[in-house]
Structures are given as C-alpha cells and as structure tokens.
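Visitor: fold the following.
(chains A and B)
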There are 2 protein chains.
Amino acid sequence: MSGYRFYQRVTGTYPHLSKLLIVCTISGGSLVAFSDASPFRGAYADHAGQVDVKKKKVVVLGTGWAGTSFLKNLKDPSYEVLVVSPRNYFAFTPLLPSVTNGTVEARSIVEPIRNIIRNKKYDAQFREAECYKIDTENKKVYCRSSQDTNFGGSEEFTVDYDYLVIAMGARANTFNTPGVEEHAHFLKEVDDAQRIRRSVIDCFERASLPNISEEERKRILHFVVVGGGPTGVEFAAELHDFVIEDLAKLYPILKEHVKITLLEAADHILNMFDKRITAFAEEKFARDGINLKTGSMVTKVSDKAISTKERATGETLSIPYGTIIWSTGIGTRPIVMDFMKQIGQSNRRVLATDEWLRVEGCENIYALGDCATINQRKVMEDIAAIFSKADKNNSGTLKVEDFKEVISDICERYPQVEIYLKKKQLKNFVNLLKNSEGEDELDIEKFKSSLSEVDTQMKNLPATAQVAAQQGAYLADCFNRMEVCERYPEGPLRFRGTGRHRFHAFRYKHFGQFAPLGGEQTAAELPGDWVSIGQSTQWLWYSVYASKLVSWRTRMLVISDWGRRFIFGRDSSRI
Amino acid sequence: MSGYRFYQRVTGTYPHLSKLLIVCTISGGSLVAFSDASPFRGAYADHAGQVDVKKKKVVVLGTGWAGTSFLKNLKDPSYEVLVVSPRNYFAFTPLLPSVTNGTVEARSIVEPIRNIIRNKKYDAQFREAECYKIDTENKKVYCRSSQDTNFGGSEEFTVDYDYLVIAMGARANTFNTPGVEEHAHFLKEVDDAQRIRRSVIDCFERASLPNISEEERKRILHFVVVGGGPTGVEFAAELHDFVIEDLAKLYPILKEHVKITLLEAADHILNMFDKRITAFAEEKFARDGINLKTGSMVTKVSDKAISTKERATGETLSIPYGTIIWSTGIGTRPIVMDFMKQIGQSNRRVLATDEWLRVEGCENIYALGDCATINQRKVMEDIAAIFSKADKNNSGTLKVEDFKEVISDICERYPQVEIYLKKKQLKNFVNLLKNSEGEDELDIEKFKSSLSEVDTQMKNLPATAQVAAQQGAYLADCFNRMEVCERYPEGPLRFRGTGRHRFHAFRYKHFGQFAPLGGEQTAAELPGDWVSIGQSTQWLWYSVYASKLVSWRTRMLVISDWGRRFIFGRDSSRI
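Guide: Residues are numbered from 1 along each chain as shown, chains lettered A, B, ... in the order given. Prediction:
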C-alpha cells in the first residue's frame, strides 16, 4: 500500500514524472529524494499562516466532470477551496450504460472526491450537501445536507465565497411529458444505472412466474428506450448483448419473448454523428432485431403503456412496455432556474456565461459544464467597435493591410470567424475581406457586408463530458494564473474598452466521439472528419476510456471488469 | 468465453477431472472428446420421455447455504426440481462483514442460482418468489412474487410437490427489544451489508458538516455493535480497520471522534470459542481502542440512544449512538412459525426434524439449515427397546459380549454415546458397560444406570453455514440413492421396529471455525482442540474462504477484491 501512496504523492507533485516513474520504480529506492523534496500541504499552510495572507475562498458546487476537472487542475496554493455536492464521489458517466447491464460495476467507475482533493497544494474541504440558494449580494451559498439517515432531519448551513464555481450539471429533460417522472428510468446518476440493472432482472424473474399470460409476458419483456442519442443507443445495444450473451442462457424459454424498442422523434438516430455512422447503426440494429421506430413522439407514459404520436401518419399508438428508459437530453435544474430568475436571466433556458465562463451579470461567479452555456458574442453586435479600433486615425475607411494588427484578436474573440473561413476554404481573414469586393480599401458598410454571414456559424457546445472537462481545466488554469494575468493580460483586445482581456477566451477542442453499438462494434467520429467503425474501434474505445479514467484504482477495476465479462459473462444476481 | 464454458461443462460432468484439467488445459485441443462424450441434459430428458417415467417433484424453498448445497450435490436425473426463493442468488454469507466495509464487493460473493442449477443432470427451474403457506395435506406450496416493481401488484401461484425441502433460513433475533426493528441494522442479507456500508459513510459525511456541535459529532461517530458472537466481533474489527486504514486519511479531523463499542450481555465475547481465543480477542480490542462492554443488556433502542441494563451493578445507562448493528443470534421466521403451529409443533421454538432431517409429523418434508434443528433421540427413551433388541433370547439379562452385535448401531443412532465415551476417555462401549459394575452380565437396571449420563452430552448443532452446507449435501446424497437404499437399507437397526433405517443418520463433522479480529489477525479453532491465532491464520482464512467460494467467478472476484484492498485501500464513495 505504502508503495502506491508514495508513488501517488510523487506524481501528484511532479506530474511530468508520471510516465518516467512507472519505468523507474522497479529499480528501487533511489526515488526517496523526490518525496522528501516535495512541498507538503501541511508545511505550506504553516508558512502561509506566518505571513498572514488571507486566502481567497473558492466554493465549487458539484463533483461531476466540470467540477472535478477544475479541482484536479487547480494548483495555486493561495486558494481555500470548499466543494459542496450531494455526491461524495466523481462518476465516470460515459460508462453508465455499461453499469446498467453489469459489463462494468458501479464502484469501478467512481472515485471519492476526498481522494481527488487530498494531495492537492491548495487547502480543500468537502461537504456532502445540496446547494439550494445563492445569495450574490452577500456572497453566500445556502446548503442543505443530503444524508437520508435518521439523524434528525436535514442540516442547513451557509458558506461564504470569494469566487463561486457552479458546476451542478443538469437533469433529465422530460419535456413535461405526463407520466415520465413516475414511470421512466433515467440514466444520469450511478443510482439510476443500478436501479435499471435491478429492474431488468426483475422483468426476467417476473416473466418466469408460472401464472403469467403469454401477452403479459411479452409486455414485461418489452424494453423501450426513448431517445436515439449516443446514450440511448448504447444502452439499447448493451441490453441486447446482455440478453443474447448472458440472460438467454439462464432464461432460455424467455429469449424469444424479449423485445427491445428504440423510439426517436427525429428521422434518424445518432443525429449529431456522421451519416455513415447513423446508417451503420440503423443497419446493425435491424440485423440484431432491435426494433427502431423513428419519427415517433412520446406523448404520455402510463404504468403499462406508452402513447406515441407518429409524425408521418399522425396516428396515435399505445405501446405496452415492461421497462422504459428515458434518455432524450438534458434540462435545467430547478435551483439553477431560481438563480437565473434572481440575476435577470429568466428569459433564457440555460444559465448564460461569457467566453471566460463568467456568469453574465454576476461578479466572481463562474458556471461550467451542463448547467451553463457560453453566450458567444456576435461579430455584428460589435462591428462598429471593431472597425473603429482598427481605424486608428479615424479616417472612416481603412486598408485591408491595417487590419492585420487586429486580425488575430478578432479571430480569438469571435471564433465563428475562423469556422466560417474554414468552411469557405479561405486561407485567412484578409482573403475574406478582399473577396467581398476585390478592393483594398473598405468603409464600414463593406466591412459589415463581408462579415454578415459569419455569425451564422455560431454553435452551442454539446452537453458532453468532454466539454465540461475542458472547461474545468481551462477555468483552473485561469485561477492558477490569476495574479500574473492581472498584471500581464494575455487575452484578445477589448474592442469596446481599452487594453486587453486578462485571459484567452475558452476554446473547445473536439477530440471526437464514440458511439458503442454492441457486439464488440463501436463507431467513432474523430477529428478531421475521420469515421471509424468496427471491432478495431471497439478496442480504441477500450483503450481511450481506460486511459481517461480518473485514477489508477478505477482504471484497474474497469479493466478487470471487462476481463471478467469476457471470461465469465455478466452477473444476473438481483442485488 | 467459450473456453471457460467448455471447461465448466466438462468438469460438471467429470468433477474428478477438475484438478487434472487445470493442468492439462494449456496443452490444447485434445479434450474435445470429453465434451462430446458428456451426457447432455436435453438428450437425457428426451430419453426419459420415451420410457414415460413420471419424475418426482422436489420443491426447494430457499437459496442459502442449505438449499444451494442440496442443489449442487443432487445428481439423480429422475427428479424434477423447482427452487422458490425471494433471492435469485446464493450469497457467501461469511464474507458479509467484509462487504459492510468494502473489503469485498457485494457482487463478488453472490452467484445466480440459475447458474448453479443450469448444468445439472436433473431438470430444474427457479421462481423468484416467497413461500407464504404450506399445505401438507394436498402437497402444495403457496408462493407470492417478490419483485418490487410496478408490474401491478404481487403475483400469487401454487406449486405441487412430492418432496419438500425447507431451507428458508432464519431472521435476526431482536428478543422483542423495543426499537431494534426500526433503528438497528442487521447483518443477514447482502442488502443489509450494503445499507450498513452506506450508513457508515453517511455518518462520516454528516459529521463533516460545519454546524454540527462537538457533542453531536461524537454521537454520530459512535458505532455500536450489539452481540459478541463471531459476526459482531468481525464487523467491529473490520470497521476499526476501515476507519484507521482508510477513512482517517480522508476525514483526518474526525479520526479522534470515532468510537466503536461492542455490547455483549454475557461476561465474555466469542463464548463458543476456546478461552484462549476469547482472551486474545479481548486484549486486541483493548489495544485497538474498541470499547468492549460485557454484561450489558440492551433494553431499548431509540433513534439516538441505546438503553442498557448493567448486570453487575443493576444500573440503567443511556448510550448515544450514530449507527447500531444488531447481531445477537437468530430467530424463527413467521412463515416457519405458522407451519409449526399447523403441524403441531407450536410448543417448540424451532422446527424439529429427526436425525434424517425429516420434519417431525410430516410426510416427505425435509428441513435443514438455520430454520430447523435436529431433535436427537435420547438413549433413555429407547433404553428398554435397545435392551430387548440385544437380548435375543428374552432372558432378561445378557452378557456384555452379546452387545457387540448392536454396539455400532447404538453408536450411530445415538451419537451422544460416542461423545460421552470420548469425554470419559473410554475406548469403547463395552468398557463403559463393564466400568459400571465390573461384571460381565447386566440386567436392564444396571444397563440403564451405566448409560444414565450419556444423554447429557446431547447438543444442538450451531446455526452455521458449515452445518447447513453439510446437511444439504447429506440430503442430496440420500435423494441420489433413494431407490438403492430402499432395497438395501444401510442405516442403523430400528430398535423400536424391525429391519434397518434406509439411510445413515446425519452426522455433523466440525472442520473448525474462524474469528477474524482485524489488522490481519485471525483466530481459528480447528479440530483436535487446535487453536491458531495471528497473521498466519489470516492467510489460512484467506485460502480456506477462497477455496470454499461457490464458483470460479466469485473466487476470482473475491481474490481480486482482496488484492485491490491491499493496493488501493477500501472505497468510500457513497453508492
């Protein structure tokens, strides 16, 4: 044990040594020097006390991808961090569909948040509680404990903050469809996945009882997934594998009664993916016998049937079901809604931040991950300011050459410009301006017209773990260099003000996306329009997910879970 | 996967090849012949149908140690077996205390019962349901489904039996102490262990909240274990390890507030063990700082305090607590109570069987494991019959030499005779008779007096997994040889009737018992009064438990759980 803990401490202090150490550690004791040289947190705290520096209080709400990524990347010891979340662990959510079918165990994908913040250079504490109110005026957060034990009701407390990081995630979106809240399973939390697993086994056990009619048996064994996004598709595919590979052996007479249906309101599943992937997935589902119904909108869910409206024919159907899994996207949490009302964002659907992840209209409050969206500034809103900034001598017209000084700032401040250029296959900004008229000099009107279509390229970032993790890391980096950047701002020009922004704006870098399709087949969309489908992609999926896991413990557990599944199959005990 | 499944099938058919195969399997494909030669269940069933043999219906209630052992050892294909249990898995209960603290995962110690009965030669089916009534007259069992899903209420059905095997286990015994049912955790089922685990983490999280007073924090972190048997002691020891080795690192400021108390009504803990073990355990607990209170009887449990009566002083104490674990032994389940009333055993506390595990007063009903107890016949009750059986010529007196013919039958029928001989250090039965008077000839009175103390040696078997498993195996063996033994009875002489009993009576063989004491220390009482304490015994414990696990899957999982604990410690995520 101590060997591993030592390794953890050393690599925590010198992350760049991590790879080296794996190789070196076999050679023995020569590494002790590193450990002794590492600045212990305790020692630092004492030192800080001596010089009487008042630490800035950072309160982080949430321990999902965004919050945890922030905590992992924060390094500056001048902060005092308090983490508040109803879950005392971080969960590797992309593996949740695997948990529902027992390919991976729930405990293998979670890591206690206290473990993550334990060896950090900053002081950190954790409270298992839910935030229920934010008081921006007095910089206070109101929390309520969430332990559901008989300790005499819930406990309430407030915490002060200097900086508040909101990373509370989202909830499942039911689109107010009646009956969904009561009857459907969601797939957001670890609890959900465990409940679904038990429910699947329940259905099989129930269907095994002798007095059940044939019709009832069919109903019980009808698993309906609503939503053809990557989560819904992966769940349907995993469930199919579970039934075929494992349950069919234990419940041989039930195999023929099992039916899996995937309902999608749009015309195709996996809309956000390349068409080739969609086509492959739809074909594979047809081959596997997974019943795919597109253009089908759920209007109501009762305890035994789902009502749908078919877009093509307009008719209403009633589909009997045993288990329903609802996976149609995300909605805003009530507490975030309340907060939005309070800060004057009530006309919006999601909490809006600027490009630096600061909540619009708030001081020192940041929001990231699924609970927020970046309200990207439009070029057209600032077009006059941009023009006048470039037109240093206020001549009213200016040469394209003059722009060269501010081009990079424009591109950074308005990323849509770059996307537009890429799409039009133009090499640079100057070409875009030249293109419009072929002239070398522009006035404001020509400038406007040349940029008029740029803003159409603005897109909201997808609500994925990848975005949340990058935002967390970005914000931590800003916090780490807060003082330096205050003195030496590194961001783009302030077109409407003077000087520069402190930080570079957040830029999302897309590393691709996987869509596991079951039967050791995975589809992947990688950067540069590269589409990869098949078993080799499944192995890529295994290796990427294993490497992305949050700790060596979870990594070992997930890999051994996969190994166990290969050798022994999935377990069907109802626990 | 297929490799393992093939191996499973081959070893299922030829269990004696199991060890050989582990070695040979590397050498490759030469084993395919075994597989082809194995008699498949399907093929057999067809054959049985042809000759139109009506199979005997065996209904097994329960999937604990006794029931599962019966199912594993039953081999005769002429039975049709139906298993009814509210749990669709077998749980390796001796590891439950390890599950409460995360040393071992819940799923690692369970095996689906369908997996266990899948490759058996007899036809077997499983129903996840609870038995709520037994109709002995019509040979029917009434069952109720136990899936807690919204499938429209519980489903009821009846099943017919030719033979009924009751192996429903017991429930925790509260001795009707008020408040126990509502506030205490038990440690009987896998669910219980998972709940305790969450509750322990809840206590630590609750105690971490800022507004909690010092006094309240102490209360929340006070873990009280009631009952100083092996389970209670092991749980207290494991919890102590969990706190010291893992939680202290994540909750450093709480460490000093944690208190573990073990309450025992008797004067010492581990009463059923050798005194040396008790002394060692009590010393170790004192050293570890586990608060041991003996002679302390719990009279009431409220939501925040336990009332006790101290036997030595007679005073009543009120002990504030955060979590209470109740482990004071077992009681009879309500359904078994009802059944006892119905068959005229209402004056008994536990369902009584004879030495062949047949329920007294019932035809073709067997009971084994914790739900039943063997009502051992007293020698004194049958003394006249025994005497007359030996006295072939009805002379009224007989020579000791004449007894030699029936000695072995007496010893088998009345095992207390053997125990008595061993205790008195007499070599055989003849010596016992001779001893009483020194004469060679006895009349009935002398015979009586020489055996008068024998019945004091009668003991009920302990309610352990070991007893239940042996009973299950014994009963399965009887079922396997039912026809043969009908024709050629192998049991002892019927002293009150004619001929012989069909089967040998059940004899429990004690292989020793472990008491894990935490900190890699275990005590063991092995056959032959051999007591072993220390770290080497812990390794013995590891190897015995690993070898006793029900399947290769669970074996691999438990061993990897142990390995994980050594390397990474226990997880403290609240899931």
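
Visitor: what does A:K293 show for phi and psi?
Guide: phi -120, psi 110 (degrees, to the nearest 10).

Visitor: how far away is it from A:T231?
Guide: 18 Å (Cβ to Cβ, to the nearest Å). Using the backbone N, CA and C atoms, a C-beta is placed for each residue, glycine as well.

Visitor: more crowded one of these two?
Guide: A:T231 (21 against 16; other Cβ atoms under 10 Å in any protein chain shown).

Visitor: for chain B, see how far away that one is.
Guide: 19 Å (Cβ to the nearest Cβ, to the nearest Å).

Visitor: now do the contacts for A:S408.
Guide: By Cβ atoms under 8 Å, 6 or more residues apart in numbering or on different chains, the contact set of A:S408 is A:P492.

Visitor: now the one 4 residues further on
Guide: Contacts of A:E412 were listed using Cβ under 8 Å, 6+ apart, and they are A:491-492, A:504-505.

Visitor: for A:D274, state which of these is nearest.
Guide: Of all the contacts of A:E412, A:D274 sits closest to A:A505, with 28.1 Å by Cβ to Cβ.

Visitor: tell me how many other residues crowd that closest one.
Guide: 19.

Visitor: repeat for A:H222
Guide: 21.

Visitor: again, but for A:P77
Guide: Residues near A:P77, counting by other Cβ under 10 Å: 18.

Visitor: A:F479 is in contact with that one, correct?
Guide: No. Judged on Cβ atoms under 8 Å, A:P77 makes no contact with A:F479 at a distance of 11.5 Å.

Visitor: follow-up on the earlier one: mind giving me the ChimeraX command for buried ones among the contacts of A:E412?
Guide: Applying 16 or more other Cβ atoms under 10 Å in any protein chain shown to those, the buried members can be selected in ChimeraX as follows:
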select /A:491,492,504,505
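
Visitor: JSON lines for the contacts of A:E412, including distance to A:F566 and secondary structure?
Guide: Conversion of these to JSON lines gives the following (distance: Cβ to Cβ, whole Å; DSSP: H, G, I helix; E, B strand; the rest coil):
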{"residue": "A:G491", "distance to A:F566": "50", "secondary structure": "coil"}
{"residue": "A:P492", "distance to A:F566": "51", "secondary structure": "coil"}
{"residue": "A:H504", "distance to A:F566": "45", "secondary structure": "coil"}
{"residue": "A:A505", "distance to A:F566": "45", "secondary structure": "coil"}
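
Visitor: could I get the contacting residues of the nearest residue to A:R206 once chain neighbours are set aside?
Guide: Leaving aside its chain neighbours, A:R206 sits nearest to B:Q147 (4.9 Å; criterion: Cβ to Cβ, 6 or more residues apart in numbering or on different chains). Residues in contact with B:Q147 (Cβ under 8 Å, 6+ apart) are A:202, A:205-206, B:128.

Visitor: the strands in the stretch 351-500 of chain A, which residues?
Guide: A:351-353, A:365-367, A:372-374, A:397-399, A:441-443 (DSSP state E, counting those that start in this stretch).

Visitor: and the stretch 51-200 of chain A, by the same measure?
Guide: Assigned by DSSP E, counting those that start in this stretch, the strands in the stretch 51-200 of chain A fall at A:56-61, A:79-85, A:89-91, A:110-112, A:123-135, A:140-145, A:156-160, A:163-166, A:171-172.

Visitor: any chance of JSON lines for those strands, columns mean neighbour count and distance to chain B?
Guide: Shown next, in JSON lines, are the strands of the stretch 51-200 of chain A (neighbours: other Cβ atoms under 10 Å in any protein chain shown; distance: least, Cβ to the nearest Cβ, whole Å):
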{"stretch": "strand A:56-61", "mean neighbour count": "23", "distance to chain B": "13"}
{"stretch": "strand A:79-85", "mean neighbour count": "23", "distance to chain B": "9"}
{"stretch": "strand A:89-91", "mean neighbour count": "26", "distance to chain B": "4"}
{"stretch": "strand A:110-112", "mean neighbour count": "23", "distance to chain B": "4"}
{"stretch": "strand A:123-135", "mean neighbour count": "20", "distance to chain B": "4"}
{"stretch": "strand A:140-145", "mean neighbour count": "20", "distance to chain B": "6"}
{"stretch": "strand A:156-160", "mean neighbour count": "15", "distance to chain B": "5"}
{"stretch": "strand A:163-166", "mean neighbour count": "26", "distance to chain B": "17"}
{"stretch": "strand A:171-172", "mean neighbour count": "18", "distance to chain B": "18"}
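
Visitor: so which of these gets nearest B:I319?
Guide: strand A:140-145 (24.0 Å).

Visitor: between strand A:156-160 and that closest one, find me the angle.
Guide: For strand A:140-145 against strand A:156-160, the angle by axes from the mean of the first three to the mean of the last three Cα atoms, to 10 degrees is 150 degrees.

Visitor: packing partners for strand A:140-145?
Guide: Packing contacts for strand A:140-145, counted by 3 or more Cβ pairs under 8 Å, 6 or more residues apart in numbering or on different chains; DSSP states H and E, involve strand A:123-135, strand A:156-160.

Visitor: so what are the sheet partners of the first one and their directions?
Guide: Partner strands for strand A:123-135, per DSSP bridges, with pairing direction: strand A:79-85 (parallel), strand A:140-145 (antiparallel).

Visitor: any chance of the contacts of B:Q147 in TSV, plus pLDDT, distance to A:V104 and secondary structure?
Guide: Shown next, in TSV, are the contacts of B:Q147 (pLDDT from 0 to 100; distance: Cβ to Cβ, whole Å; DSSP: H, G, I helix; E, B strand; the rest coil):
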residue	pLDDT	distance to A:V104	secondary structure
A:D202	91	20	helix
A:E205	92	23	helix
A:R206	92	25	helix
B:E128	93	25	strand
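
Visitor: end-to-end on stretch A:358-378?
Guide: Length of stretch A:358-378, first residue to last, Cα to Cα, to the nearest Å: 17 Å.

Visitor: now that stretch: mean pLDDT?
Guide: Regarding stretch A:358-378, the rounded mean pLDDT is 93.

Visitor: pull the distance from that stretch to the chain's centre.
Guide: 16 Å (Cα atoms, centre = their mean, to the nearest Å).
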